[in-house]
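Chemist: Need a 3D model of the sequence below.
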Amino acid sequence: MKREHGTIRNYVIGFVLSLVFTLIPYFLAVNHLLIGLVLFITILAFALVQAGIQLLFFLHLGRERNPRWQSGFLMVTAGGLFVVTVGTSWILYHLHTNMAPTAEALQLAQDEGIAQIGDKKTGACDETYTVHTVTIKQNIANPSHIDARLCDEIVFTNDDNTSRDIAFGAPNKPVPYGGVNDLPLAKGQSQMLILNQTGTQSFHDHLNDEATGDFAVTP
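Modeler: Down below sits the predicted model:
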């Protein structure tokens, strides 16, 4: 007859493995080593591994007296959990997609000076504070780093004889900042950017991948 209960050694191993496979996705999420869909898939994969550990070390899968009945019950339970998990993820994804402010909506709110609608903040600044200046000359942004507060301004000025297009993020993967996709700069022209999102953001001349720098925005 097969043993239905595990040993202390099995319980300890199961506990240690459960702890490890809990801390790994927690570390990845807290330290922003993975983001977005990749993080979600990684957490889901670790959850499946966790389920296997629980079944093997704590529920003693394969050592029960009625394996066929237990397996059927397990399959029904797993199917229910799968439907609930996928359905919940689908609902949350569509709620986030349809209700989160888009970059265009944030930029429109900023342009119109709409910082709040009723009791809800739009993410736009209702007033600005310190004005920082970044001058681009001889393909170099000066200063290349700015420490700023939320709702400060940065004025980008092009002192070169060529046109510029200030974009944000990595040169090979630009991203919008605060609803602004880019800031075109002709010779001698200046453009203002209101810092309405916290965090560190890099910038560069998207036309030539020059004049790089970054700004750190704190609350």
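Chemist: Pass me the low-pLDDT residue ranges in this protein, would you?
Modeler: 1-6, 36, 60-71, 73, 94, 96-124 (pLDDT under 70).
Chemist: Could you chop it up by domain?
Modeler: Following automatic domain parsing, one finds the domains of the chain at 8-99, 131-218.
Chemist: Adding distance to Cys125, write those domains out as a markdown table.
Modeler: For the C-beta atoms, the positions are set from N, CA and C on the backbone; glycine is no exception. Shown next, in a markdown table, are the domains of the chain (distance: least, C-beta to C-beta, whole Å):
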| stretch | distance to Cys125 |
| --- | --- |
| domain 8-99 | 22 |
| domain 131-218 | 4 |
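Chemist: looking at these, which is buried most?
Modeler: domain 131-218 (a mean of 17; mean count of other C-beta atoms under 10 Å).
Chemist: what distance separates the start and the end of that domain?
Modeler: Counting by C-alpha to C-alpha, to the nearest Å, you get 15 Å between the two ends of domain 131-218.
Chemist: what does stretch 163-178 give?
Modeler: 23 Å.
Chemist: quick one: it to chain centroid distance?
Modeler: How far stretch 163-178 lies from its chain's middle: 17 Å, per C-alpha atoms, centre = their mean, to the nearest Å.
Chemist: And for it, what's in contact with it?
Modeler: Identification of contacts with stretch 163-178 by C-beta atoms under 8 Å, 6 or more residues apart in numbering yields 103, 106-107, 110, 123, 136, 156, 158, 180-187, 191, 193-197, 201-209, 211-212.
Chemist: In this structure, which residue is most central in space?
Modeler: Closest residue to the average C-alpha location of the chain: Ile35 at 4.6 Å, with C-alpha atoms, centre = their mean.
Chemist: any idea how far Leu28 is from it?
Modeler: Counting by C-beta to C-beta, to the nearest Å, the gap from Ile35 to Leu28 is 9 Å.
Chemist: Contacts for the strand ranked longest in the chain next, please.
Modeler: Ordering each strand of the chain by length in residues (DSSP state E) puts strand 210-218 first. For strand 210-218, the external contacting residues (C-beta under 8 Å, 6+ apart) are 132, 134, 136, 139-141, 143-150, 152, 154, 164, 166, 171, 195, 197-205.
Chemist: show me what contacts Arg149?
Modeler: 129-130, 195, 217-219.
Chemist: now, among those residues, which is nearest to Leu59?
Modeler: Nearest to Leu59 among the contacts of Arg149 is Pro219, at 46.7 Å by C-beta to C-beta.
Chemist: Quick check: nearest residue in space to that closest one, chain neighbours excluded?
Modeler: Once flanking residues are discounted, Pro219 sits nearest to Leu150: 5.2 Å by C-beta to C-beta, 6 or more residues apart in numbering.
Chemist: wait, the one you found sits on Thr130?
Modeler: No - contact between Leu150 and Thr130 fails when scored by C-beta atoms under 8 Å: they sit 10.8 Å apart.
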